[in-house]
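J.: Below is the sequence, then the predicted model.
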Amino acid sequence: MSEIFQAIESGDRKILVRSCNGAGKTTALAAICNWYFYTYGDSIVLTTASSWTQVKRNLWGEIRRQARNAKLYKDPNDPEKLLKLNETSILLSDKHFMIGISPDVPENAMGFHAPHLLIAVDEATGLNREIFDALTGNLTGSDAQIVMICNPIDMQSFPYEAEQSGDWQVITISAFDHPNVDAGEELIKGAVTQTWIEDRLNSWSHELSSGADRNDIPVLGSEIPFRSTPGEVYISWLRKRYRATPIVQARILGEWADMESEGLIPMELLQAACQTPSSKEGEVKCLGVDIARGGEDATVFAFFAGNCQLEFKTMHEKDLMAIAHRIKRYYDEGFQIIALDDTGVGGGVTDRLKEFHLLDRAGRTIVDGGIYPVNFAQAAKGLLRNNKDLANARAEMYFALLDELRAGSLRLLDHKQLLQELAAIRLSITENTLAFRLEDKELTRRRLGRSPDFADATALARYGLRLREIAKPRMVL
């Protein structure tokens, strides 16, 4: 982070900082704002971020906290007292102030001039060009500067174009540069750690080699990360190599990456799963049911016997009772572990299954196998090692499927639509949170040109097995 302060102090006019997750970039930007404003008594500091909430709560929350703790600003009318800080502004005089500006009102960012002017932008990839045009129009003086900080997640954004122009001083913050990671302990609470990196690599990537028999593995204590070839990350404390997927590049290494190019589940895993030997040991039969929402969508039934996926069945009938009858029929045929989409209209099918006495009044299974309604927005059940980081049930069921695919224990159908849909499922890149969340299903639909129904039904079927493992026997009502 010191490199950013040095760039400001040396007078660099345009500074772009692309950062990994969890490095404390908002804290650093707030410190820059306070340092600049306190240092230059003739300064104006303009601040903005990707949303007004981000400006008000995150950036200005940190600016105020630092100012209070350091007792930075005295009341101009009573120097014996500290200045009472406003929510998004500090006014020391008509020509010396710091303010927060909404990114939605570009005209409010125009017409500011001072002997020293600093423009500070947080979460910069989330701002449109209009607000940047307004902000940079203020850079008329010789001592006017702009610093923008971002996660490098959107190559269609202004920060990416700014870097390509060659006019900006570019600073990269990798997770491996952080003191917590370098020391192997949490020196700065709440920031990125070695444990966080390991957890994210296991979810965002996969190991390329253990490195035990390779002669090009560096010794412990060498540079972190060591990247022997493009597309790989070497973790010295684990002595492991991982694939540098786009999300690893952006969220861990602080590098620009084409986040649209790859989904949660790599295609090579899916292709390998189509070749996995079939094992029907015990022949546990399970079924996933994705309920049609309307229009051209069909209800999709995904079947498994043991680890082997069977042919799909589809149903264009929209009558909820007819769908419930079909589920009951498959249950009677031996598919007694069933997970169904209970989101939206799927709730109506759940209600019909209650009438068949397959579910109790609370929607819980009362049959020998198990019927499990799954609302995608409900909380994760804690079935996976990293359950605390999963935002909802839909994320959990896809990560559960990913675990099986990585273990090489699942045989999928070589089904064109299924493979396309599974490869299209992506993590959200807009959520400012450490919890794993899948992108909105409507975004996947737009990209595919259809709803990912085969993928959801397949993930539901495997999720039903996990839910069965934690189910408790229930009294028949």
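T.: Okay, I see it. All figures in this text were calculated on a predicted structure; none of them were measured in a lab.

J.: Tell me which helix or strand in the chain has the weakest average pLDDT.
T.: Lowest on mean pLDDT, DSSP states H and E among the helices and strands of the chain sits strand 207-209, with a mean of 75.

J.: Which elements pack onto the helix or strand just after it?
T.: The first helix or strand that comes after strand 207-209 along the chain, using DSSP states H and E, is strand 232-235. With contacts taken as 3 or more C-beta pairs under 8 Å, 6 or more residues apart in numbering; DSSP states H and E, strand 232-235 sits against helix 194-204, strand 240-243. Every C-beta, even on glycine, is put in place using the N, C-alpha and C of the backbone.

J.: which residues are contacting the longest one?
T.: Residues external to helix 194-204 that are found in contact with it (C-beta atoms under 8 Å, 6 or more residues apart in numbering): 22, 175-176, 180-181, 184, 233, 235, 237-238, 242, 245, 247-248, 251-252, 386, 389, 399, 402, 427, 434, 436.

J.: so what's residue 150 up against?
T.: Shown in contact with residue 150 (C-beta under 8 Å, 6+ apart): 16, 17, 18, 19, 123, 124, 125, 126, 157, 159.

J.: As a markdown table, the helices and strands packed on strand 232-235 with distance to residue 372 and mean neighbour count would be great.
T.: What follows is those, written out as a markdown table (distance: least, C-beta to C-beta, whole Å; neighbours: other C-beta atoms under 10 Å):
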| stretch | distance to residue 372 | mean neighbour count |
| --- | --- | --- |
| helix 194-204 | 24 | 20 |
| strand 240-243 | 33 | 21 |
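
J.: Reformat those as TSV; add distance to residue 8 and mean pLDDT.
T.: Converted to TSV, the helices and strands packed on strand 232-235 look like this (distance: least, C-beta to C-beta, whole Å; pLDDT from 0 to 100):
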stretch	distance to residue 8	mean pLDDT
helix 194-204	28	87
strand 240-243	34	88
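
J.: Can you tell me which of these is nearest to residue 326?
T.: helix 194-204 (35.0 Å; C-beta to C-beta).

J.: For the closest one, C-alpha coordinates in CSV please.
T.: Output in CSV follows, covering the C-alpha atoms of helix 194-204 (Å, rounded to 0.1, in the frame of the first residue of the first chain):
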residue,chain,number,x,y,z
GLN,A,194,-3.2,-17.9,3.7
THR,A,195,-6.3,-19.9,4.8
TRP,A,196,-8.6,-17.6,2.7
ILE,A,197,-6.3,-18.1,-0.4
GLU,A,198,-6.3,-21.9,0.1
ASP,A,199,-10.1,-21.9,0.4
ARG,A,200,-10.6,-19.8,-2.7
LEU,A,201,-8.2,-21.8,-4.8
ASN,A,202,-10.0,-25.0,-3.9
SER,A,203,-13.2,-23.4,-5.1
TRP,A,204,-12.1,-21.3,-7.9
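
J.: a helix runs through residue 268, doesn't it?
T.: Yes - assignment of residue 268 by DSSP: H, G, I helix; E, B strand; the rest coil places it within a helix.

J.: now the stretch 251-400 of the chain, which segments are flagged as low pLDDT?
T.: 259-262, 280-282, 294-295, 359-369, 385-388 (pLDDT under 70).

J.: In terms of secondary structure, what does the longest helix seen in the chain contact?
T.: When the chain is parsed with DSSP state H, its longest helix is helix 453-470. Packing partners of helix 453-470 (3+ C-beta pairs under 8 Å, 6+ apart): strand 285-290, strand 299-305, strand 337-341, strand 370-374, helix 393-407, helix 416-424.

J.: got a markdown table for the ones you listed, with mean neighbour count and distance to residue 460 too?
T.: Below are these laid out as a markdown table (neighbours: other C-beta atoms under 10 Å; distance: least, C-beta to C-beta, whole Å):
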| stretch | mean neighbour count | distance to residue 460 |
| --- | --- | --- |
| strand 285-290 | 27 | 3 |
| strand 299-305 | 24 | 7 |
| strand 337-341 | 27 | 4 |
| strand 370-374 | 24 | 6 |
| helix 393-407 | 22 | 6 |
| helix 416-424 | 20 | 13 |
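
J.: To residue 326, which of the ones you listed lies closest?
T.: strand 299-305 (7.5 Å).

J.: Show me what that closest one is in contact with.
T.: 280, 283-292, 309-317, 323, 326, 330, 335, 453-454, 456-458, 460-462.

J.: And the contacts of the next helix or strand after it?
T.: Next in sequence after strand 299-305, counting helices and strands by DSSP H and E, comes strand 308-309. With C-beta under 8 Å, 6+ apart as the test, strand 308-309 has contacts from 278, 279, 280, 302, 303, 410, 411, 412, 413, 458.

J.: if I look at the fourth one, how far off is residue 231?
T.: So that's residue 302. Look at residue 302 and residue 231: by C-beta to C-beta, to the nearest Å, they are 33 Å apart.

J.: Then residue 113?
T.: 47 Å.

J.: what do you get for residue 46?
T.: Counting by C-beta to C-beta, the gap from residue 46 to residue 231 is 39 Å.

J.: When those two are compared, which one has more neighbours?
T.: Of the pair residue 46 and residue 231, residue 46 is the one with more neighbours under other C-beta atoms under 10 Å, namely 23 against 12.

J.: Ok, which of the helices and strands packed on helix 453-470 comes nearest residue 31?
T.: helix 393-407 (33.7 Å).

J.: And that closest one, what does it pack against?
T.: helix 267-273, helix 453-470.

J.: Among these, show the one with the smallest mean pLDDT.
T.: Among these, helix 267-273 has the lowest mean pLDDT, at a mean of 87.

J.: Flag the shaky bits of the stretch 101-250 of the chain, pLDDT-wise.
T.: For the stretch 101-250 of the chain, the stretches with pLDDT under 70 are 209-230.

J.: Cheers, nothing more for now.
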